[in-house]
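> got a sequence here, can you model it:
(chains A and B)
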Number of protein chains: 2
Amino acid sequence: MGLKFEVVAKDGKARRGKLVTKHGIVNTPAFMPVGTCATVKAMLPESVAATGAEILLGNTYHLMLRPGADLVEKMGGLHKFMNWNRPILTDSGGFQVMSLSGLRKIKEDGVSFASHVDGKKYFLSPEESMKIQHKLDSNITMCLDECVKLPASHDVVKKSMEMSMRWAKRSKDAFIDRDGYGIFGIQQGGDYKDLRAYSAEKLKEIGFDGYAIGGLAVGEGQKTMFEVLDYAPEMLPDDKPRYLMGVGKPDDILGAVLRGVDMFDCVMPTRSGRTSQAFTRFGTINIRNSRHKEDPRPLEEGCDCPLCTNYSRAYIHHLQKANEILAVMLLTWHNVRYYQRLMQELRNAIENHILQECAKKLINDWQKGDIEEL
Amino acid sequence: MGLKFEVVAKDGKARRGKLVTKHGIVNTPAFMPVGTCATVKAMLPESVAATGAEILLGNTYHLMLRPGADLVEKMGGLHKFMNWNRPILTDSGGFQVMSLSGLRKIKEDGVSFASHVDGKKYFLSPEESMKIQHKLDSNITMCLDECVKLPASHDVVKKSMEMSMRWAKRSKDAFIDRDGYGIFGIQQGGDYKDLRAYSAEKLKEIGFDGYAIGGLAVGEGQKTMFEVLDYAPEMLPDDKPRYLMGVGKPDDILGAVLRGVDMFDCVMPTRSGRTSQAFTRFGTINIRNSRHKEDPRPLEEGCDCPLCTNYSRAYIHHLQKANEILAVMLLTWHNVRYYQRLMQELRNAIENHILQECAKKLINDWQKGDIEEL
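Numbering: from 1, shown residues only, chains lettered A, B, ... in the order given. Next comes the predicted model:
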């Protein structure tokens, strides 16, 4: 029952792992593209798979509102509905309720809110979140938790974390265990070490298939986040995957992998694809910039994505100026591929115990910027 | 020099032909998807090729404004710029100047206008249009003409057509002939048989690689269009391709093929992909309609496109409701594929001399509607 996880290599605190689910293996460190509404925006699922992504994240909040968990279940589950046969992790819905919905009321029992789509009222409890994620047929179910924006006082973070731990217990109790499926607990505690430790202990008491580090990338900045990551991952079990939720930019991911994190998700590569920003090994490039107007070079020399293989910067610049959907399609594909190439490079480096050198080279190249290429 | 064309089979007035260009063969009757701004909207060019499309149409008006013909030429021509290695036909820019630009002034010399993008002023003459289409490296260059909206008086249509014929001569004189490249004249004359005959004679005197039937699908309705097509195609040379510009819906195409037309272009399949309308052998389907909400069936049973192969109507309906780009990508792909399947069916029917039976079956199925399938 549950999920199998094995750490196959280590380099410093960094881990190279394999997570086995009913829908296949996830090699870690892994980045999960976000498929909010049962689609990774502007990509065919076969293209997402072609980038090397082995697992997607789906958003429970969006899916419960539209098309609804019952419909997804009736259509054979999220994998079949969206034509993605690899593993899927779903969040609990809690974070989006806090950030997107209206008329929120959080009580011990759960949270009531109004849909941002049509104003309809909903109630989400740990039990309800488990039921929805089960109907979606998610391989990795996340506990319902509350996530406090930073900075926040010790008292505020403590009270919220304590409720999240009670919700974690209720989530675990309501979760229906199946082989190849699992549930992750979520550590809270903001940037307070004592609260992170307390939260980790509570989660370990309950026992989960994996452990997320929640409540980061919520306004604290990279320096504070890395300070927390200097101690938080090690508070969690060695033999289970560790997932840093909602992170991040390539350098955030690198810093977190160096500190022992195994899994990531972020809208950054897909959202940036819709705002002309491309991630490359030479840093970010905004293709709308007029300096690309007559540039015959590929976006990133050596990248094997369709954008870099078949088109000039001049062409992508033109598509952007003309507001063509193909610009979004190609930039999204490139960004998702770049993230997967980065993860592959990190996995290789850990296996070969050269992560420090790899990190130095990555940071050096990012800082060069693509101007240097010229 | 020029283009080679061969009629390999006939069935009644309908013709099954092969047009040979520098970038490959076009089997006719052929439908050309429209790639206005150097992209078939929401499709990768390899996907367009996968639908069976053997030739695209590019819009000279849009491309001369953005990114500009000089840039496209510098980037190696339109084929290389947009990563499409099959034949390309470009229109002359005239039609879009009339329908999209501002501050138009038409004189014998040419037309001056203001760009709809940034208001910048341009002048387009037959000679300038030839120069631009040459820079784009278009396989089939279209003469600059004026297109009158119908209904219009005999006098108005006559005056306009006569100027278009003078422009046709100037276009031909300015066209630079190369092997595998050609220029098409455009018959005008509205719905007046005498003017159509006069126009055809003038064009034949000049001599072209192919002949377009212009000035239809401009408000006259299908009945009038078919009445003109009852005589207009036969006025043009038998041994050259005949191209009906800007047409049309599947039943328009069928009616025109039956009357001896070989080539078509229309934004219908791509534009409809962005407005939830799907073309199928059982007529059109609007996937936004709530009756599709819980429908597990494919959009069109038996269609081999990715949408029909991998997804339910319920899923596409959901994507539409959520305004997801993937809905546009999949619906566009389906529609472009449907048009190519239709053309393949017509080509097969002509080869096998069963076009009348084929036409009856097509019309019967379109009228059934997809409700009947249930």
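
> can you list the residues of the stretch 151-300 of chain A near chain B?
Residues of the stretch 151-300 of chain A lying close to chain B (CB under 8 Å from any CB of the partner chain) are A:293-294, A:296. For the C-beta atoms, the positions are set from N, CA and C on the backbone; glycine is no exception.

> poorly predicted segments of the stretch 101-250 of chain A, please.
Along the stretch 101-250 of chain A, segments meeting pLDDT under 70 are nowhere present.

> tell me who's in contact with the one residue in it that gets nearest to chain B.
The nearest approach of the stretch 101-250 of chain A to chain B comes at A:Val117, 8.6 Å away (CB to the nearest CB). Counting by CB atoms under 8 Å, 6 or more residues apart in numbering or on different chains, A:Val117 touches A:65-66.

> wait, A:Asn85 touches A:His79, no?
Yes - with contacts counted by CB atoms under 8 Å, A:Asn85 reaches A:His79, the gap being 5.7 Å.

> helices or strands up against the helix or strand where A:Phe81 lies?
Taking DSSP states H and E as the definition, A:Phe81 sits inside helix A:78-82. Applying 3 or more CB pairs under 8 Å, 6 or more residues apart in numbering or on different chains; DSSP states H and E, one finds that helix A:78-82 contacts strand A:88-90, helix B:313-321.

> and the next helix or strand past the longest one?
Using DSSP H and E, the helix or strand that follows helix B:313-321 towards the C-terminus is helix B:325-351.

> how about residues contacting the next helix or strand along the chain from that following helix?
With elements assigned by DSSP H and E, the helix or strand that comes after helix B:325-351 is helix B:355-368. Helix B:355-368 is contacted from outside by B:11-12, B:14, B:250-251, B:254, B:257-258, B:281-283, B:342, B:345-346, B:348-349, using CB under 8 Å, 6+ apart.

> recalculate using a threshold of 10 Å.
For helix B:355-368, contacts defined as CB atoms under 10 Å, 6 or more residues apart in numbering or on different chains pick out B:10-14, B:16, B:249-251, B:254-255, B:257-258, B:279-284, B:342, B:345-350, B:352, B:354, B:372.

> find the nearest non-adjacent residue to A:Asn59, please.
The shortest distance from A:Asn59 to any non-neighbouring residue, by CB to CB, 6 or more residues apart in numbering or on different chains, is to A:Thr36 (4.6 Å).

> surely the one you found touches A:Ala42?
No - look at A:Thr36 against A:Ala42 with CB atoms under 10 Å: they stay out of range, at 11.9 Å.

> give me every residue that touches A:Ser101.
A:61, A:65, A:93, A:111-117, A:119, A:121-122, A:124.

> direction included, what does the helix or strand hosting A:Phe123 pair up with?
In the assignment (DSSP H and E), A:Phe123 maps to strand A:121-124. The strands that strand A:121-124 pairs with in its sheet are strand A:111-114 (antiparallel) (by DSSP bridges).

> buried residues in the strand it pairs with?
A:111-113 (16 or more other CB atoms under 10 Å in any protein chain shown).

> run the chain-centre distance for that strand.
24 Å (CA atoms, centre = their mean, to the nearest Å).

> so what touches that strand?
Identification of contacts with strand A:111-114 by CB under 10 Å, 6+ apart yields A:61, A:65, A:93-94, A:96-98, A:100-106, A:120-125, A:128-129, A:144, A:146, A:167.

> now, which of those lie within strands?
Those of the contacts of strand A:111-114 mapping onto strands are A:102-106, A:121-124, per DSSP state E.

> going through the residues of the stretch 151-300 of chain A next to chain B, which ones are buried?
By 16+ other CB under 10 Å, those give A:Glu294 as buried.

> redo the residues of the stretch 151-300 of chain A next to chain B as TSV? Include secondary structure and pLDDT.
Below are those laid out as TSV (DSSP: H, G, I helix; E, B strand; the rest coil; pLDDT from 0 to 100):
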residue	secondary structure	pLDDT
A:Lys293	coil	97
A:Glu294	coil	97
A:Pro296	coil	97
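
> so which residue is dead centre in chain A?
Nearest to the geometric centre of chain A sits A:Asp265, at 1.0 Å (CA atoms, centre = their mean).

> who is it paired with across the strands?
Under DSSP bridges, the beta-bridge partners of A:Asp265 are A:Met32.

> how much space between the residue nearest to A:Asn59 and A:Asp239?
31 Å (CB to CB, to the nearest Å).

> quick one on the thing from earlier: quick one: which of the buried residues of strand A:111-114 is nearest to A:Glu227?
A:Val111 (29.7 Å; CB to CB).

> distance of that closest one relative to A:Lys120?
Counting by CB to CB - A:Val111 and A:Lys120 are separated by 15 Å.

> sec struct for A:His116, please.
Look at A:His116: counting by DSSP: H, G, I helix; E, B strand; the rest coil, its state is coil.

> can you verify my assumption that it contacts A:Leu65?
Yes - the pair formed by A:His116 and A:Leu65 meets the contact definition of CB under 10 Å, at 7.8 Å.

> those two: which has the busier surroundings?
A:Leu65 (23 against 15; other CB atoms under 10 Å in any protein chain shown).

> for the residue nearest to that one when sequence neighbours are not counted, grab the count of nearby residues.
Leaving aside its sequence neighbours, A:Leu65 sits nearest to A:Ser115 (CB to CB, 6+ apart; 4.8 Å). Using other CB under 10 Å, A:Ser115 is surrounded by 19 other residues.

> do A:Tyr61 as well
26.

> need phi/psi at the residue of the stretch 101-250 of chain A closest to chain B.
When read as degrees, to the nearest 10, the backbone of A:Val117 gives phi -80, psi -50.

> tell me which residues touch the residue lying closest to A:Gln340 once chain neighbours are set aside, please.
Nearest residue to A:Gln340, sequence neighbours excluded (CB to CB, 6+ apart): A:Gly52, at 3.8 Å. Residues near A:Gly52 by CB under 10 Å, 6+ apart: A:27, A:30-31, A:336-337, A:339-341, A:343-344.

> and those, which of them are buried?
A:27, A:30-31, A:336-337, A:339-341, A:343.

> for the stretch 151-300 of chain A, which segments count as strands?
Secondary structure of the stretch 151-300 of chain A (DSSP state E, counting those that start in this stretch): strands located at A:182-187, A:210-213, A:242-244, A:263-265, A:277-280, A:283-286.

> all helices for the stretch 51-200 of chain A, in order.
A:60-65, A:69-74, A:78-82, A:94-100, A:126-136, A:154-174, A:193-206 (DSSP state H, counting those that start in this stretch).

> and the longest one, C-alpha only, in CSV?
Which is helix A:154-174. In CSV, the C-alpha atoms belonging to helix A:154-174 read as follows (Å, rounded to 0.1, in the frame of the first residue of the first chain):
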residue,chain,number,x,y,z
HIS,A,154,5.4,33.8,16.2
ASP,A,155,1.9,33.7,17.8
VAL,A,156,0.0,33.9,14.5
VAL,A,157,2.2,31.3,12.8
LYS,A,158,2.0,29.0,15.8
LYS,A,159,-1.8,29.1,16.0
SER,A,160,-2.2,28.5,12.3
MET,A,161,0.4,25.7,12.3
GLU,A,162,-1.3,23.9,15.2
MET,A,163,-4.6,23.9,13.4
SER,A,164,-2.8,22.6,10.2
MET,A,165,-1.4,19.7,12.3
ARG,A,166,-4.9,18.9,13.6
TRP,A,167,-6.1,19.1,10.0
ALA,A,168,-3.2,16.8,8.9
LYS,A,169,-4.4,14.1,11.3
ARG,A,170,-8.0,14.4,10.1
SER,A,171,-6.7,14.3,6.4
LYS,A,172,-4.7,11.1,7.1
ASP,A,173,-7.7,9.5,8.9
ALA,A,174,-10.0,10.3,5.9
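
> got the buried residues for it?
By neighbour count with 16+ other CB under 10 Å, helix A:154-174 contains the buried residues A:157-158, A:160-165, A:167-172, A:174.

> ok, so of the residues you listed, who is nearest B:Thr332?
A:Ser171 (41.5 Å).

> list the contacts of the nearest residue to the closest one once chain neighbours are set aside.
Leaving out its chain neighbours, the residue that sits closest to A:Ser171 by CB to CB, 6+ apart is A:Cys143, at 3.8 Å. If you count contacts by CB under 10 Å, 6+ apart, A:Cys143 has them with A:91-92, A:94, A:126, A:129-130, A:133, A:164-165, A:167-172, A:174-175, A:183-186, A:203, A:206, A:208, A:212, A:214.
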